[in-house]
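Trainee: Okay, sequence plus prediction incoming.
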Amino acid sequence: MDLPLDTAEVSRLLIEIGQRLELCGEIPFKARAYYTAAENLLAHTMPLADLVAQGKLREVPGVGESLMEKIVRLHKTGTHPTLDYLREQMPASVLDMLEIPGLGPKKVMLLHYTLHISSVAELEEACKAGRLRDCKGLGGTLQKKILESIEFLRKTKGLSLVHVADERLREAADRLAASRPALRRIVLAGALRRGCELVDGLCLVAEAPAVEGHVAVETRQDVRVYVSDAQHYGVALLHATGNPAHLAGLRARAASRGMRLTEKGLWRGDEELPVADEQALYEALRLPFIEPELREGRGEIELAAKGALPALLCESDIRGILHCHTDFSDGHNTLAEMAEAVRTRGCRYFGVADHSQSAGYAGGLKEDDIREQHRAVGRLNEKYDAAAFRVFKGIESDIRDTGALDYPDALLKEFDFIVASIHSRLNLDKQAQTARILAAVANPHTTILGHISGRLLLQREAYAIDTEEVLKACAKHGVVVEINAHPHRLDLDWRWHARALELGCMLGINPDAHAVTELDLMRWGVAVARKGGVPKERVLNCMDLSAFSQWLAARKRGR
DNA sequence: GCCGTTTTCGGCCCGACTGTTTTCAGTCG
């Protein structure tokens, strides 16, 4: 670990201290102070190094004298006596058990101190042997649930969320560039380049002046690095990007045209064809360039051969950002800060959508809060040139288990748009959950259906719904289907995008940002939308300001 | 451990669900 530690690294250590405190029986509030500080550091726009250098740490909410001292020491030295002491109390493998849903600090303590279980592997063994029932407070149902969760963890082992993979690969690319100045064209490849929602292998490609055997594969820590000479760069990048099914399709196409494609190059008989980049390679196969996001072996080669590849949107097509939270509910920044940050990112409109009243845990807005926020939006809009930038009044309204939105109609009318989302009762059966969402979609006040499946990548499976029926209903009622861009969600899943388009749905890419820094998560939503073959014409927030205003107005008239 | 005072202590997001209880603690969103 390189010193000094950055914001993300120190935040991780603060969370570790918090978890260890809880597992040592400390009061939960003390642990929460560490979690809050970690969260606020991450949400802060200023990097930790600057906060420390300028003595501004105390200005971060939740950082007092004691935490300031710990953060500075962690930043500078990579550890702290408190952390060292806590680490002596129990092995890190005990903390892994906290990852299992249903296991909090209290139950993990019980498992560790009473049943002497110190790791997920030991826990699995104990569950299979039925040993949890020996312990008062634990039972057979929990045992079954734990085994299911361990299976889920096993299935997702080795996968990373995109923003995590991106950060690690960028750091690896920087280290590579610094250690070998002769390298050129260093590119992040693999599943990350394909815009996948989860990344399996970390992979880089680079060009070197000369490489023995033309392409060499090196492994540096957990990153595979393909190094090729200039003549083989296209083939190296293609193979490092994948996926295997796409590559198999290309090899078959090469074979059908009297060529041979391998990891080492492209041949016609004994003659090797130069492929300095991917463009040249696809050209040699008489194909238009296939964007990396489409390379999944799902018929893209056939589409390319027919000249029927979809025109993909790109980040610069985004004109506005909707579904963001502010400090009116559980966001970290003010309405004005969020709006201004959206504007400085080149967008023309911002739609606030804080949590609604039934999301008490997230500080959901009561009627008075809504009135206050609407006045604030009004004042803000007076400040901006109406033709250049506008703030729209939205809300992320919880869908109750009845399918109703959680404000009366008279109040719902006051909003410019409404994102309807499920945050509770995730375990209804498929029929009931589908009926619940269908009711919300049929509600004339609903503008956008938020994170349709409720999945949390690497954490929680989607709830049971009939996606086809829900998409049909969205198309019928003109409800926009959200592509939630947050790396934990990326929901609607890209595998459904083509079907949603086919059914006539409009899509919307929303960051679900809880801080200014999270506005940049939009890129991951764009990546999966590209992967799903979504054109900009079908994305709500690719509309320019006037078209969007008119669309909202028409939608409101239709209520 | 932080924070805001009813300002140096006392409260800290809070309601619902779940499982293991037999009236509630732990966990989650």
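Mentor: Sure, I can see it.

Trainee: Helices of the stretch 451-559 of chain A, start to end?
Mentor: A:467-477, A:497-503, A:522-531, A:545-557 (DSSP state H, counting those that start in this stretch).

Trainee: How about the stretch 251-400 of chain A?
Mentor: Under DSSP H, counting those that start in this stretch, the stretch 251-400 of chain A gives helices at A:278-284, A:300-305, A:335-344, A:367-383.

Trainee: To residue A:109, which of the ones you listed lies closest?
Mentor: When the helices of the stretch 251-400 of chain A are compared by C-beta to C-beta, helix A:367-383 sits nearest residue A:109, at 38.1 Å. The way it works is simple: take the backbone N, C-alpha and C, and place the C-beta from them, glycine included.

Trainee: quick one: that closest one near DNA strand B?
Mentor: No. Applying C-beta under 7 Å from any atom of the strand, one finds helix A:367-383 separated from DNA strand B by no less than 13.6 Å.

Trainee: confidence score at the most centrally placed residue in chain A?
Mentor: Taking C-alpha atoms, centre = their mean, the centroid of chain A lies closest to residue A:487, which sits 0.2 Å from it. Note on residue A:487: pLDDT of 95.

Trainee: who's in contact with it?
Mentor: Applying C-beta atoms under 8 Å, 6 or more residues apart in numbering, we find residue A:487 in contact with A:161, A:162, A:163, A:164, A:457, A:521, A:524.

Trainee: Next, give phi and psi for the first one.
Mentor: Same thing as residue A:161. When read as degrees, to the nearest 10, the backbone of residue A:161 gives phi -70, psi 150.

Trainee: From residue A:420, how far out is the nearest residue to it once chain neighbours are set aside?
Mentor: Closest residue in space to residue A:161, ignoring its immediate chain neighbours: residue A:487 at 4.7 Å, by C-beta to C-beta, 6 or more residues apart in numbering. Between residue A:487 and residue A:420 the distance is 22 Å, computed by C-beta to C-beta, to the nearest Å.

Trainee: Likewise for residue A:464?
Mentor: 18 Å.

Trainee: If you count surrounding residues, which of the two has more?
Mentor: Neighbour totals were compared for residue A:464 and residue A:420, and residue A:420 leads with 27 against 16 (other C-beta atoms under 10 Å).

Trainee: Which strand residues bridge that one?
Mentor: The bridge-partner assignment for residue A:420, based on DSSP bridges, gives residue A:397, residue A:449.

Trainee: how about it, what does it touch?
Mentor: For residue A:420, the contacting residues are A:396, A:397, A:399, A:405, A:440, A:441, A:443, A:446, A:448, A:449, A:450, by C-beta under 8 Å, 6+ apart.

Trainee: Quick check: phi and psi at the residue in chain A positioned nearest to DNA strand B.
Mentor: Nearest residue of chain A to DNA strand B (C-beta to the nearest atom of the strand) works out as residue A:139 at 1.8 Å. Dihedral pair for residue A:139: phi -150, psi -180, per degrees, to the nearest 10.

Trainee: what's the neighbour count on it?
Mentor: Residues near residue A:139, counting by other C-beta under 10 Å: 12.

Trainee: now the residue lying closest to it once chain neighbours are set aside: how far from residue A:120?
Mentor: In space, and not counting its chain neighbours, residue A:139 is closest to residue A:133: 6.3 Å by C-beta to C-beta, 6+ apart. Distance of residue A:133 to residue A:120, given as C-beta to C-beta: 19 Å.

Trainee: Of the two, which one has the most company?
Mentor: Higher neighbour count among residue A:133 and residue A:120: residue A:120, with 20 against 12, using other C-beta under 10 Å.

Trainee: And the pLDDT for residue A:214?
Mentor: Per-residue pLDDT puts residue A:214 at 88.

Trainee: List the contacts of it.
Mentor: By C-beta under 8 Å, 6+ apart, the residues touching residue A:214 are A:228, A:229, A:231, A:232, A:264, A:265.

Trainee: Mind checking which of these are in strands?
Mentor: Taking DSSP state E as the definition of strands, these contribute A:228, A:265.

Trainee: Dump the contacts of residue A:214 into TSV; add distance to DNA strand B as well.
Mentor: Converted to TSV, the contacts of residue A:214 look like this (distance: C-beta to the nearest atom of the strand, whole Å):
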residue	distance to DNA strand B
A:228	45
A:229	50
A:231	52
A:232	47
A:264	47
A:265	49
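
Trainee: Just give me the least confident of the contacts of residue A:214.
Mentor: residue A:264 (88).

Trainee: residue contacts, that residue?
Mentor: A:213, A:214, A:215, A:232, A:235.

Trainee: can you check residue A:484 too?
Mentor: Shown in contact with residue A:484 (C-beta under 8 Å, 6+ apart): A:323, A:450, A:451, A:490, A:491, A:492, A:510, A:512, A:525.

Trainee: how many other residues sit next to the residue lying closest to residue A:183 once chain neighbours are set aside?
Mentor: Residue nearest to residue A:183 in three dimensions, not counting chain neighbours: residue A:206, with 4.4 Å by C-beta to C-beta, 6+ apart. Close neighbours of residue A:206, defined as other C-beta under 10 Å, add up to 25.

Trainee: Got the domain ranges for chain A?
Mentor: Per the record, chain A has its domains at A:7-155, A:161-305, A:315-557, by automatic domain parsing.

Trainee: Write out the residues of the stretch 301-450 of chain A neighbouring DNA strand B.
Mentor: Applying C-beta under 7 Å from any atom of the strand, one finds that the stretch 301-450 of chain A approaches DNA strand B through A:330, A:360, A:361, A:362, A:363, A:401, A:423, A:424, A:425, A:426, A:427.

Trainee: correct me, but the last one touches residue A:463?
Mentor: What that stands for is residue A:427. Yes. Contact status for residue A:427 versus residue A:463: in contact at 7.1 Å, counting by C-beta atoms under 8 Å.

Trainee: More neighbours: these two, which one.
Mentor: Ranked by neighbour count (other C-beta under 10 Å), residue A:427 and residue A:463 place residue A:463 first, with 20 against 9.

Trainee: my guess is the more buried one meets residue A:422, correct?
Mentor: Yes. Using C-beta under 8 Å, residue A:463 is in contact with residue A:422, at 7.1 Å.

Trainee: list residues touching both of the two?
Mentor: Residues touching both residue A:463 and residue A:422 (C-beta under 8 Å, 6+ apart) are A:433, A:454.

Trainee: got any ranges where chain A has weak pLDDT?
Mentor: A:1 (pLDDT under 70).

Trainee: Which residue ranges of the stretch 101-250 of chain A form strands?
Mentor: For the stretch 101-250 of chain A, strands defined by DSSP state E, counting those that start in this stretch occupy the ranges A:160-161, A:184-188, A:198-199, A:202-207, A:215-220, A:223-228.

Trainee: Thanks a lot, see you next time.
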